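Turn this into a model:
(chains A and B)
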Amino acid sequence: EPEVTQTPSHQVTQMGQEVILRCVPISNHLYFYWYRQILGQKVEFLVSFYNNEISEKSEIFDDQFSVERPDGSNFTLKIRSTKLEDSAMYFCASSAAAGNTIYFGEGSWLTVV
Amino acid sequence: AQSVTQLDSQVPVFEEAPVELRCNYSSSVSVYLFWYVQYPNQGLQLLLKYLSGSTLVKGINGFEAEFNKSQTSFHLRKPSVHISDTAEYFCAVSEPRGQNFVFGPGTRLSVLP
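Predicted structure coming up:
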């Protein structure tokens, strides 16, 4: 069964460093998402991406964050200068149609020290 | 704007007992509704979804949920739980053609022997 894959599964980085989280969405999907889950808290929407541009973003997704689809398969989330409060599990997701079922990857656990 | 409420943050239940996890939503438009499960140290897995049609939907692992438009609810039920059902359960809502899933805060189901 097709699935969303994410790398790395776990990354530890120093505060102020740049981090890139990578995702390979399901191949025929057109909508891509990043969500995050701070330990013990709810899953929060960060951004959605369609047709090579951001279609919606939350207030969490500030200027420190950016997304890119550098080629036909990858979808990346970059955090320019990490802060301690960026420590969280970051989930990539994709869907075939807007509003329809989204399928999540296993997550990338980011620890900022 | 949409919102999702899961009134029970934790639900302990004995093995083979029935369980109901409550979910209420608010939205000014029609919605799609979802339940996702997160097993310890894993990603989010789709349990079931309501898009249209029959208000009673069946999902994986013996779970089912009923969409009640008048009560704006989508409660999740299982007639007999197993130890392996211990996990965090998230209710989510989206709008048709919307690009943002809104998740509830989650309910931690603990199945006791």
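
interface residues of chain B facing chain A?
Residues of chain B lying near chain A by CB under 8 Å from any CB of the partner chain: B:32, B:34, B:36, B:42-46, B:49, B:51, B:90, B:92, B:94-106. Where C-beta positions appear, they are placed from N, C-alpha and C, glycine not excepted.

OK, contacts around the nearest residue to residue A:23 once chain neighbours are set aside?
Nearest residue to residue A:23, sequence neighbours excluded (CB to CB, 6 or more residues apart in numbering or on different chains): residue A:92, at 3.4 Å. For residue A:92, the contacting residues are A:4, A:6, A:21, A:23, A:25, A:32-34, A:75, A:77, A:104-105, A:108, by CB atoms under 8 Å, 6 or more residues apart in numbering or on different chains.

Would you mind measuring from the nearest residue to residue B:64 once chain neighbours are set aside to chain A?
Counting by CB to CB, 6+ apart, residue B:64 lies nearest to residue B:58, which is 4.7 Å off, once chain neighbours are set aside. Distance of residue B:58 to chain A, computed by CB to the nearest CB, to the nearest Å: 15 Å.

Please enumerate the strands of chain A.
Applying DSSP state E to chain A gives strands spanning A:5-7, A:10-13, A:19-24, A:31-37, A:43-50, A:53-57, A:65-68, A:75-79, A:88-95, A:103-104, A:108-112.

Can you point out the buried residues in the second one?
The one in question is strand A:10-13. Neighbour counts over strand A:10-13 (16 or more other CB atoms under 10 Å in any protein chain shown) mark A:11, A:13 as buried.

neighbouring contacts of stretch A:25-35?
Stretch A:25-35 is contacted by residues A:2-4, A:21, A:23, A:43-51, A:55, A:67, A:69, A:73, A:75, A:77, A:90-98, A:102-104, B:99, B:101, B:103 when judged by CB under 8 Å, 6+ apart.

Averaged pLDDT, it. What do you get?
Confidence over stretch A:25-35, taken as the mean pLDDT, stands at 93.

Can you give me the first-to-last residue distance of that stretch?
Start and end residues of stretch A:25-35 are separated by 14 Å (CA to CA, to the nearest Å).

Tell me how many other residues crowd residue 106.
Picking chain A for this. Residues within reach of residue A:106, counting by other CB atoms under 10 Å in any protein chain shown, total 19.

The chain in question should be chain B.
Residue B:106: 24 surrounding residues under other CB under 10 Å.

quick one: it and residue A:42 touch, right?
Yes - using CB atoms under 8 Å, residue B:106 is in contact with residue A:42, at 5.9 Å.

list residues touching both of the two?
Taking CB under 8 Å, 6+ apart as the contact rule, residue B:106 and residue A:42 both touch residue B:90.

Contacts only, for residue A:109.
A:9-11, A:88-90.

let me fix that: residue B:22
Contacts for residue B:22 (CB under 8 Å, 6+ apart) come out as B:6-8, B:73, B:75, B:107.

Can you tell me which of those are buried?
Using 16+ other CB under 10 Å, the buried ones in the contacts of residue B:22 are B:6, B:73, B:75, B:107.

Extract the residue ranges of chain B that are flagged as low pLDDT.
Flagging of chain B using pLDDT under 70 yields the residue ranges B:99.

Let's see that with 50 instead.
For chain B, no stretch is flagged by pLDDT under 50.

Could you find the residue nearest the spatial middle of it?
For chain B, the residue nearest the mean C-alpha position is residue B:35 (3.6 Å; CA atoms, centre = their mean).
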